[in-house]
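*Asks:* Coordinates only, no sequence provided:
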């Protein structure tokens with residue numbers, strides 16, 4: 001029994017890489033138990049001096065990262081009167097005093 005068949009039989013995993021990653025062999029393997037969640041893989045050229053091709057796998061529900069707008073937050077120096085009012089609001093809820 002081959003290594004891949006062992007995974008399939010005992011661990012219920014399937015291999016999603018079906019194309020050669022080094023010469024004519026599939027040496028770079030990805031095993032999963034939810035293969036239906038992934039789009040078909042893409043074989044890319046090697047990185048640096050490697051003789052293995054890269055394997056790109058994306059989930060079917062892949063959403064590209066969207067940049068979040070930045071915002072400016074201004075720090076304010078509050079007077080003691082304002083801080084006292086905040087403390088009162090903090091310690092009362094629906095008319096009941098929580099702390100004295």
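*Replies:* Okay, I see it. Fair warning: this is a prediction, and the values are worked out from it, not measured in the lab.
*Asks:* ranges for the helices of this structure?
*Replies:* Residue ranges of the helices in the chain, as given by DSSP state H, are 3-6, 80-91.
*Asks:* Count the residues that sit near the closest residue to residue 12 other than its chain neighbours.
*Replies:* Of all residues not flanking residue 12 in the chain, residue 33 sits nearest, at 5.6 Å (Cβ to Cβ, 6 or more residues apart in numbering). For every residue, glycine as well, the C-beta is placed using N, CA and C. For residue 33, the count of nearby residues is 10 (other Cβ atoms under 10 Å).
*Asks:* hang on, isn't residue 33 packed against residue 13?
*Replies:* Yes. If you go by Cβ atoms under 8 Å, residue 33 and residue 13 touch, sitting 5.4 Å apart.
*Asks:* can you list the weak-confidence ranges in the chain?
*Replies:* Applying pLDDT under 70 to the chain flags residues 1-4, 6-7, 62-68, 73, 75-76, 86-100.
*Asks:* For the residue nearest to residue 12, give me its contacts.
*Replies:* Neighbour list for residue 33: 11-14 [criterion: Cβ atoms under 8 Å, 6 or more residues apart in numbering].
*Asks:* Among those, which one is most surrounded by other residues?
*Replies:* Ranking the contacts of residue 33 using other Cβ under 10 Å puts residue 13 first, with 17 neighbours.
*Asks:* Hmm, residue 30 and that residue touching each other?
*Replies:* No. Using Cβ under 8 Å, residue 13 is not in contact with residue 30, being 9.7 Å away.
*Asks:* show me where the chain has strands.
*Replies:* With strands called from DSSP state E, the chain shows them at 14-15, 31-32, 42-44, 54-56, 92-93, 96-97.
*Asks:* a markdown table please, covering the ones you listed and showing distance to residue 71.
*Replies:* Shown next, in a markdown table, are the strands of the chain (distance: least, Cβ to Cβ, whole Å):
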| stretch | distance to residue 71 |
| --- | --- |
| strand 14-15 | 46 |
| strand 31-32 | 39 |
| strand 42-44 | 37 |
| strand 54-56 | 34 |
| strand 92-93 | 30 |
| strand 96-97 | 36 |
